[in-house]
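Q: one predicted model, sequence on top.
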Amino acid sequence: MQGVVLAAGQGVRMKSELPKVLFSLCGQPMVRYAVAALRDAGVAEPVVVVGEHAASIEAVLGAHVRYAQQPVPRGTGDALRAALPLLPQQGDLLVTCADMPLLTGATLTALAQWHQHSGAAITVLTAQLPNPQGYGRLVRDEGQVIAIVEERDADPAQKQIHEVNTGVYCLRLQDVRPLLRQLTAENAQGEYYLTDLVAAVVAQGGKVETLPVEDFDEAMGVNDRWQLAQAQQRMQQRILRAWALQGVSLLDPASTYIDVTVQLAPDVTLLPGVVLEGETTVASGCVLGPNLRATDSHFEEGVQAQYAVLNQASVGSRAQLGPFCYLRPGSVIGADVKIGDFVEIKNSTIGAQSKVPHLSYVGDARLGERVNMGCGSITVNFDGVSKHETIIGNDVFVGCNVNLVAPVQVQEGAYLAAGSTITDDVHKQALAIARHRQINKEGYAAVLQKKHGEQAVGGKESQRGNVP
Ligand code: UD1
Ligand code: CA
């Protein structure tokens, strides 16, 4: 089976610099869905017809498909013509549009089977729509399809027809090749319509068949951003339902967003407000949310994370994150680690069983196992010009509000006294204190009170809140 995706249209109704077929839903550009559906239907090397935006589309799809160029978008018929040199002389061809992300491989397979069974020259995938506006209508005579008429070319009676063309076809190449060359652009849009093939086949005495699509979401074409939003919602429903049936608990599907590229294991629980994006993976036993956004991140078994933002981070088994933590690219969190509230980690490894429980910044650091980062302790990784590394060995105890001025190394088992600013390396098992020693001046309160009292004599009466 051969397959073509038409993707050279301008997509003017999107009102964007970005070509329409590169708009994403659920984390994947529309044109990828079209290619995937053809592959699912057994097309080994789909042909994608590209135009003005060829370079950006080729950058997204890569070398796994073949490309045909349609330099000027002169209509869907012209687009298919552009693909002909890459296709065999004979055999069956599936044609789809790149703006139908909900179309499935199963539907394409059913279309191809019906086409082969019926022996038609062209089989059109159709839909009965309550509101057919904007779609081409199937015109029948005594039950037989005789033409497809575009909305803009339809007369009032034809506009009443609810049976529409989805824009997906199965064609017999040897029958349609000559007819494609004969298409004309005599219509309201001055374009070469692929849909005119239907009347051309009928005129030759050939056979046109139709197959109604079972789920008419699949027929949905995305032409503007409202249709994109609706398609996104349907696709999201599909993804959520599929994961639910594979053992993922969703407390609130309406506030859960999972990209099509994400992988989840059974027995994952997603609480409200979870957004999982890109290549994110989640192992079993994880409880994520409420409110978490993870992009290209990995969760091993049994992680619990709430109110967290992760980007290119990985989290070891049974770690606990949040509430309110931010794991930036290169964060590698070990097993049984606790990352608590108001903690930011960047490009750092946190060894197993370590704790960074409150109000810390850890950047460009390597922490060993069982390290305790006291409340408010931070790595000072940036000197205004470049970034430097902090290395902390196993079992180090970092007191509250310690600054580690990188590059600096603290060897295993050392203690850093609270409030210290550590600029020099600390040896194994040592205690580092890097702060001024406290001085207590006994009875000094009386001195201060006397001083304040004298000031008050010369000026106004003491104000509220002053020392009496
Ligand atoms: C098309 C059909 C219409 C059908 C509808 C279903 C025609 C003439 N009309 O209309 O009957 O109901 O799809 O959604 O075919 N493209 C090119 N080159 C071009 C023009 C378009 O590659 O010169 C591509 C587009 O990128 C798009 C697809 O063909 O992926 C469909 O084009 P679009 O302009 O969206 O067609 P519709 O007006 O929706
Ligand atoms: Ca369309």
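A: Structure's in. What do you need? Ligands and ions are numbered 1, 2, ... in the order given.
Q: the residue in the stretch 151-300 of the chain that ligand 1 sits nearest to: neighbouring residues, count only.
A: Residue nearest to ligand 1 within the stretch 151-300 of the chain: G221 (2.9 Å; Cβ to the nearest ligand atom). Any C-beta I mention is one placed from the backbone N, CA and C, and that applies to glycine too. Neighbour count for G221, taken as other Cβ atoms under 10 Å: 19.
Q: right, and H298 touches S317 too?
A: No - using Cβ atoms under 8 Å, H298 is not in contact with S317; the gap is 11.3 Å.
Q: sorry, back to before: quick check, pLDDT for the residue of the stretch 151-300 of the chain closest to ligand 1.
A: Per-residue pLDDT puts G221 at 92.
Q: could you measure from the residue nearest to it when sequence neighbours are not counted over to ligand 1?
A: In this structure, G221 finds its nearest non-sequential neighbour in D99, 5.2 Å apart by Cβ to Cβ, 6 or more residues apart in numbering. According to Cβ to the nearest ligand atom, to the nearest Å, D99 and ligand 1 sit 4 Å apart.
Q: for D99, give me its contacts.
A: Counting by Cβ atoms under 8 Å, 6 or more residues apart in numbering, D99 touches G9, G11, K20, V21, M30, G221, V222, N223.
Q: quick check, it in a helix?
A: No - D99 is assigned coil when assessed by DSSP: H, G, I helix; E, B strand; the rest coil, not a helix.
Q: can you pull the pLDDT of it?
A: At D99, pLDDT is 96.
Q: and it, how far from ligand 2?
A: Distance of D99 to ligand 2, given as Cβ to the ion, to the nearest Å: 5 Å.
Q: go on, A229?
A: 16 Å.
Q: over to that residue. Which of the three states is it?
A: Once three-state DSSP is applied, A229 turns out helix.
Q: sorry, back to before: more neighbours: H298 and S317, which one.
A: Comparing H298 with S317 by other Cβ under 10 Å, the one with more neighbours is H298, at 20 against 17.
Q: flag every residue of this structure that's near ligand 2.
A: D99, G221, N223 (Cβ under 5 Å from the ion).
Q: run a quick neighbour tally on the nearest residue to the last one once chain neighbours are set aside.
A: In space, N223 comes closest to R13 once its chain neighbours are excluded; the distance is 4.7 Å by Cβ to Cβ, 6+ apart. As a burial measure, the neighbour count of R13 was computed by other Cβ under 10 Å and equals 15.
Q: hmm, D224 and R13 touching each other?
A: Yes - at 4.4 Å, R13 counts as touching D224 under the criterion of Cβ under 8 Å.
Q: overlap in contacts, these two.
A: With Cβ under 8 Å, 6+ apart, R13 and D224 have no common neighbours.
Q: can you tell me the SS state at the residue nearest to N223?
A: helix.
Q: same question, A34
A: helix.
Q: with R293 instead?
A: Following three-state DSSP, the label given to R293 is strand.
Q: for the closest residue to it other than its chain neighbours, list each beta-bridge partner.
A: Closest residue in space to R293, ignoring its immediate chain neighbours: V275 at 4.4 Å, by Cβ to Cβ, 6+ apart. Beta-bridge pairing for V275 (DSSP bridges): Y257, R293.
Q: give me the distance between V275 and I392.
A: V275 is 32 Å from I392, where distance means Cβ to Cβ, to the nearest Å.
Q: wait, the residue of the stretch 151-300 of the chain closest to ligand 1 sits on P101?
A: No - taking contacts as Cβ under 8 Å, G221 lies outside contact range of P101: 9.6 Å.
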